[in-house]
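Colleague: structural data only, the sequence is not supplied:
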């Protein structure tokens, strides 16, 4: 390992600009002659639009134009799409209701887009919004997940008269029935996975620009995957062909999934730029973000675990109702199906699994992928039910998990996934030791002496990352391939530009990707730049989500670097008058085997471009290669997190006293960055468990639409974390990487709730376990700790 | 329109503005100092924190017109060229930032914290004092470490 190579704790190259206020986020972009857009949003959860009168608004100072859904329809601008086809178990395709970027005839959630005002200044646009008169016929709304399928529930889309988007299933029903028939014990649970609002600190934004001379559009937008945005805006929405639409995602201030999707606002901004002949800019305010960013989670589940007399798991049966909101967002359909049920086996050898998922429409914001996307929901089900099963059987939860762990690899689960490598026992051992699990009895007694309740909770999670083998996801309904691309441009003086389809919005790619190049080419990371986020510069790529940028994005870079090395050896061979087969490359130097002849990388780069030492017919000049990497399998990061809490029964306040995380991410490029990803993931998971929850009232008004009402984790709510690692190398990519971006958010919620229920002595607590909820639970039940 | 004059990062500036212009918009749109960010526009997230006459304030709910003659310091005013302020350097060293969006406000709040609470800050003090600044990326672990270390470094640099 060199000082800046793979495995080094290199400080981040991108930090200087962020630390000094020189970042370039979408809202920092201003185009000459730009106008400002403001969206009129539905105040009702469900209503017919009888008329829109914009005459008074149009007469307001500074107003340039006002558009409604009729204007988009007249220009044949298509609706927003969902790119993953799910078939119900009866073979029917999912019921996708139309999703116009501006409403046509009906609004379906509070925050739905009714009209856009474009004005000289933002204040003028907002002033004019208030003058638009909309005559609504308010309709009854379907709001709660568990109400959507009830007979007589208000219908959100006519194409789905029972509000079911699909009724999907995975696994083997008959084998699972048989497993339950022979079970000595069955654990049954009802589980709610609370609805979350992603809240990256940078609100979404868009600047649309149109060049009439070239009939070409440019869209600056807060995207995790600008090429996917371009593809959807071109091929489905019909803004312009791809070669006439440039999408730029500059610095992006966090995403967590919510910036994967193609939304109404950027669609309208880029379309309207041509309509008004000037650039159009929109920046979300925070309440708009709460209302109209895609939300996450929102499952209602019944789960049953079958066990034999010795405590071996025989089968798992799960039924989930998943709220998809009012419209199908870009990848929403896949989240509670193929990103969920295939992870229900957890780290356990479970011979039979059967899972049914009903995806439902409600009059709420669309729900799509949020950090972990389906895998936190699956992990919450399996890690809660194994904990409860252990308690019911009187077994130590750690020992019970170990008894049921998968121990040999590869391991084919009954739900698609084939786990390739892991050592779950090693992570458990390390976590138990770091957390002083053996000493919990004494710590509980000490808490009890103070009148406090102490509990400890485990979560042995697994996730499927490195998303994903294209043919595999295609067979499951995905509309795209999930490979990644890379291009390596070596400049004549030996500096290197990496153009990647991955996109960094906090993950530190400018550093980790440069570390890979530094390691491979033996050059300083200062001589490497990472180019991403611009469809005019970078060839088609798939972007960053699903912990894929290391496992998939960097693998594409490795493949391109392999080609660079092969070409550079040929150049070196000509210069050193040797066969390319006799050239070795190590530590930035090409040497002729068995001689003292050598040439450094920068000199080879120069020779490649001046092309004086070889004939251009036998070897092309230049040193630039590109590659596409399509993974052969998902990757399977796994680990054990242990949460220890102390609860004040007088107030219900839960304090996290210790957090231990032991993760197996395979090989690690930059441990500092990986640990940071784990910290942030845990914080979001703790937020879900203790603080966060989107609340709609019975009429479909979002009650939690500001930071006064939606409890974001703040520094005082969270502990410091003890981070440990174990390592089994991932066999399915050249770097042996598994991915680390989502682990914390997946692992944390069940660890917290298992700790709280351990302290309370009963299982009757839902997320978020706020002080009020915990206090009520204590009042309702006799605390275990007090009874002991 | 109304005229307002103030000192921003040591430079006197004077602009004709709409009287309802917020300080953050004055900085971002009129002076093109885009390091100060808007995360919530209701004084809760702290992304817009700047120093007004030496005290941390949230610029998204201050009217620029009310700051005639004030001394404003933004994130752009902390480093000396390529030389980072000790708090900025500590955030880099301890990986106290990921996406960078909350970072300017965090650093301005952290410097103010040191000015008020001194150079030896325990974790609990730092966490309590960060009540007004939200980060969604880091889980705060490394921000707390960075502020602890940056506070010490500011003391050593005196």
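Modeller: In hand now; what should we look at? If you're wondering where the values come from, they're calculated on a predicted model, not measured in any experiment.
Colleague: tell me the spacing between residue B:141 and residue A:718.
Modeller: To residue A:718, residue B:141 is 8 Å away according to C-beta to C-beta, to the nearest Å. C-beta coordinates here come from the backbone N, C-alpha and C atoms, glycine included.
Colleague: neighbour count: the two, which is higher?
Modeller: residue B:141 (26 against 22; other C-beta atoms under 10 Å in any protein chain shown).
Colleague: the more buried one is in contact with residue A:720, isn't it?
Modeller: Yes: the pair residue B:141 / residue A:720 is scored as a contact, 5.3 Å apart, by C-beta atoms under 8 Å.
Colleague: point me to the residue of chain A nearest chain B.
Modeller: residue A:21 (1.8 Å; C-beta to the nearest C-beta).
Colleague: once you drop chain neighbours, what's closest to that residue?
Modeller: residue B:35 (1.8 Å; C-beta to C-beta, 6 or more residues apart in numbering or on different chains).
Colleague: so which strand or helix has residue 134?
Modeller: All of this is about chain A. In this assignment (DSSP states H and E), residue A:134 forms part of strand A:133-138.
Colleague: list the helices and strands that strand packs on?
Modeller: strand A:47-53 (3 or more C-beta pairs under 8 Å, 6 or more residues apart in numbering or on different chains; DSSP states H and E).
Colleague: starting at the chain centroid, how far to the helix or strand just after the strand it packs on?
Modeller: Following strand A:47-53 in sequence order, the next helix or strand is helix A:55-58 (DSSP H and E). Here the centre of helix A:55-58 is set off from its chain's centre by 41 Å, with C-alpha atoms, centre = their mean, to the nearest Å.
Colleague: contacting residues around helix A:55-58?
Modeller: The contact list for helix A:55-58 (C-beta atoms under 8 Å, 6 or more residues apart in numbering or on different chains) reads A:63, A:66, A:117, A:128, A:129, A:130, A:131, A:132, A:133.
Colleague: which residue ranges of chain B form helices?
Modeller: Secondary structure of chain B, counting by DSSP state H: helices at B:23-25, B:86-93, B:103-117, B:123-129, B:141-157.
Colleague: about what we covered before: list the contacts for the residue nearest to residue A:21?
Modeller: Contacts for residue B:35 (C-beta under 8 Å, 6+ apart) come out as A:20, A:21, A:22, A:23, B:74, B:75, B:76, B:104.
Colleague: how many other residues sit next to the last one?
Modeller: Counted by other C-beta under 10 Å, the residues lying close to residue B:104 total 31.
Colleague: what sits closest to it if chain neighbours are left out?
Modeller: residue B:75 (3.6 Å).
Colleague: break chain B into its domains for me.
Modeller: B:2-77, B:86-157 (automatic domain parsing).
Colleague: let me fix that, I meant to ask about chain A.
Modeller: A:31-139+A:203-253+A:259-292, A:142-193+A:295-407, A:420-463+A:635-788, A:483-629.
Colleague: please tabulate those domains in a markdown table, including the columns mean pLDDT.
Modeller: Shown next, in a markdown table, are these (pLDDT from 0 to 100):
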| stretch | mean pLDDT |
| --- | --- |
| domain A:31-139+A:203-253+A:259-292 | 98 |
| domain A:142-193+A:295-407 | 98 |
| domain A:420-463+A:635-788 | 96 |
| domain A:483-629 | 97 |
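Colleague: export those domains as a markdown table, with columns for distance to residue B:91.
Modeller: As requested, those are arranged in a markdown table below (distance: least, C-beta to C-beta, whole Å):
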| stretch | distance to residue B:91 |
| --- | --- |
| domain A:31-139+A:203-253+A:259-292 | 16 |
| domain A:142-193+A:295-407 | 23 |
| domain A:420-463+A:635-788 | 12 |
| domain A:483-629 | 14 |
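Colleague: ok, back up a step: so which of the domains of chain B is the most packed in?
Modeller: domain B:86-157 (a mean of 23; mean count of other C-beta atoms under 10 Å in any protein chain shown).
Colleague: can you put the helices of chain B in a markdown table and add mean pLDDT?
Modeller: Below are the helices of chain B laid out as a markdown table (pLDDT from 0 to 100):
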| stretch | mean pLDDT |
| --- | --- |
| helix B:23-25 | 98 |
| helix B:86-93 | 98 |
| helix B:103-117 | 98 |
| helix B:123-129 | 98 |
| helix B:141-157 | 97 |
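Colleague: of these, which approaches residue A:199 most closely?
Modeller: Residue A:199 sits nearest to helix B:103-117 of all the helices of chain B, at 15.3 Å, using C-beta to C-beta.
Colleague: what helices and strands are in contact with the closest one?
Modeller: When contacts are defined as 3+ C-beta pairs under 8 Å, 6+ apart, helix B:103-117 packs onto helix A:15-19, strand B:49-52, strand B:55-58, helix B:86-93, helix B:123-129, helix B:141-157.
Colleague: want to throw the ones you listed into JSON lines with distance to residue A:602?
Modeller: Formatted as JSON lines, the helices and strands packed on helix B:103-117 follow (distance: least, C-beta to C-beta, whole Å):
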{"stretch": "helix A:15-19", "distance to residue A:602": "25"}
{"stretch": "strand B:49-52", "distance to residue A:602": "44"}
{"stretch": "strand B:55-58", "distance to residue A:602": "47"}
{"stretch": "helix B:86-93", "distance to residue A:602": "28"}
{"stretch": "helix B:123-129", "distance to residue A:602": "46"}
{"stretch": "helix B:141-157", "distance to residue A:602": "36"}
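Colleague: of these, which is nearest residue A:101?
Modeller: helix A:15-19 (32.3 Å).
Colleague: what residues sit buried inside the closest one?
Modeller: A:15, A:18, A:19 (16 or more other C-beta atoms under 10 Å in any protein chain shown).
Colleague: show me what contacts the last one?
Modeller: Just to be clear, that refers to residue A:19. B:75, B:79, B:84, B:88, B:91, B:92, B:97, B:100, B:103, B:107 are the contacts of residue A:19 under C-beta under 8 Å, 6+ apart.
Colleague: is it true that the first one touches residue B:106?
Modeller: Read that as residue B:75. No: using C-beta under 8 Å, residue B:75 is not in contact with residue B:106, being 9.7 Å away.
Colleague: can you count the residues close to the closest residue to residue A:653 other than its chain neighbours?
Modeller: Nearest residue to residue A:653, sequence neighbours excluded (C-beta to C-beta, 6+ apart): residue A:771, at 4.7 Å. Number of residues near residue A:771 (other C-beta under 10 Å) recorded here: 14.
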